[in-house]
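In: Provide a 3D model corresponding to the input given below.
(chains A, B, C and D)
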Protein chains: 2
Amino acid sequence: MNYSRQRESIKDFLSTRKDHPTADTIYMNIRKQFPNISLGTIYRNLNLLSDIGEITRLTTGDGCDHYDFNTVPHNHFVCTRCHSVLDLEMDSIDDIVEVARKNFPGRIDRHCTYFYGICAECMDTSEEAS
Amino acid sequence: MNYSRQRESIKDFLSTRKDHPTADTIYMNIRKQFPNISLGTIYRNLNLLSDIGEITRLTTGDGCDHYDFNTVPHNHFVCTRCHSVLDLEMDSIDDIVEVARKNFPGRIDRHCTYFYGICAECMDTSEEAS
DNA sequence: TTCGTTGCAAATGTTTTGCACCTGA
DNA sequence: TCAGGTGCAAAACATTTGCAACGAA
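Out: Okay, the predicted model is just below:
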């Protein structure tokens, strides 16, 4: 894999964000540095980087994938109101894989867990967080 | 909400399947009964039914949503080779919500956990299930 | 020189929607 | 009757891809 300034810029940008931006958000930001970069290049690099395990793709169910510079397995929270995606600093729950393996005929490699609710910011915005 | 034969047919079909078909698979099957039904109607009804909680939408990350007639919370297995989605009959892991709630400033309502691996059928197909 | 990478634009695949017509209550 | 549901086709949206030009080694 050759070096490319565009790919490096994408990695740099992603490493500065603790939220987990979408391809489009990344595109908007990288354009400040590379005004002519195309969305295709963004997607090609995000796919490439997640394929080789340098970043993590998050499919939260809001219609578009999010990307995380942190490749250490951890869990995420998704706000059902503002769709923000946050890291959860919580004790390991990886033993649920053992629970799932019991009586399952195939092979289970990993789990992917998302927690849904209302983030603190949205809770403040309206008292009755319906 | 008025009765509609198309919606009833979708529910009937979904209730007979223990795998979790996509909108397109549902479309192909309902067409046997309603040759002129449109994909728009399929999607409108799947959205409607999942909004009122009569079915469950599964976003597994393979590009299209799957639908489950069973609305009792349970966990799913996704085969990374053939993309089949299976129900897991396993002990409850809902206590992970409590783990996540610890030190989290917002409100956590529920979790959604997918287990990934190779299903028994794919394991048989090739011995070295890479 | 060579092959990976890019920008661009067109294509893809899934899902949504506007609208005129139909249908259930 | 009439709000809600449908079929159809077009649109929307996220993502992928073909291709000629560019750039790194």
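In: helices along chain A, start to end?
Out: A:5-16, A:23-30, A:39-51, A:96-101, A:120-125 (DSSP state H).
In: residues in contact with the longest one: which ones?
Out: Going back to what we said before, that points to helix A:39-51. A:1, A:4, A:6-7, A:10-11, A:23-24, A:26-27, A:30, A:55-57, A:67 (CB atoms under 8 Å, 6 or more residues apart in numbering or on different chains). All C-beta spots, glycine's among them, are computed from the backbone N, C-alpha and C.
In: mean neighbour count and mean pLDDT for the helices of chain A - can I get that in TSV?
Out: Output for the helices of chain A, formatted as TSV (neighbours: other CB atoms under 10 Å in any protein chain shown; pLDDT from 0 to 100):
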stretch	mean neighbour count	mean pLDDT
helix A:5-16	16	98
helix A:23-30	17	98
helix A:39-51	16	98
helix A:96-101	17	98
helix A:120-125	14	91
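In: tell me which of those lies nearest to residue B:113.
Out: helix A:96-101 (6.8 Å; CB to CB).
In: what helices or strands is the closest one leaning on?
Out: strand A:107-118, strand B:107-118 (3 or more CB pairs under 8 Å, 6 or more residues apart in numbering or on different chains; DSSP states H and E).
In: residues contacting it, please?
Out: A:108, A:110-111, A:113, B:75, B:77, B:88, B:90-91, B:93, B:96, B:113, B:115.
In: may I have it as CSV, with CA atoms only?
Out: Provided in CSV are the C-alpha atoms of helix A:96-101 (Å, rounded to 0.1, in the frame of the first residue of the first chain):
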residue,chain,number,x,y,z
ILE,A,96,-21.6,-12.7,26.7
VAL,A,97,-19.8,-14.4,23.8
GLU,A,98,-19.3,-17.5,26.0
VAL,A,99,-23.0,-17.4,26.9
ALA,A,100,-23.9,-17.2,23.2
ARG,A,101,-21.6,-20.1,22.3
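In: let me know whether residue A:13 touches residue A:28 as I believe.
Out: No: Residue A:13 lies out of contact with residue A:28 (CB atoms under 8 Å); the separation is 10.3 Å.
In: how much space between the residue of chain A found nearest DNA strand D and residue A:31?
Out: For chain A, the nearest residue to DNA strand D under the criterion CB to the nearest atom of the strand is residue A:40, separated by 2.6 Å. The spacing between residue A:40 and residue A:31, counted by CB to CB, to the nearest Å, is 13 Å.
In: over to residue A:54?
Out: Distance from residue A:54 to residue A:31, by CB to CB: 22 Å.
In: with adjacent residues omitted, what lies nearest to residue A:59?
Out: residue B:61 (3.8 Å; CB to CB, 6 or more residues apart in numbering or on different chains).
In: fine by me, we can end here.
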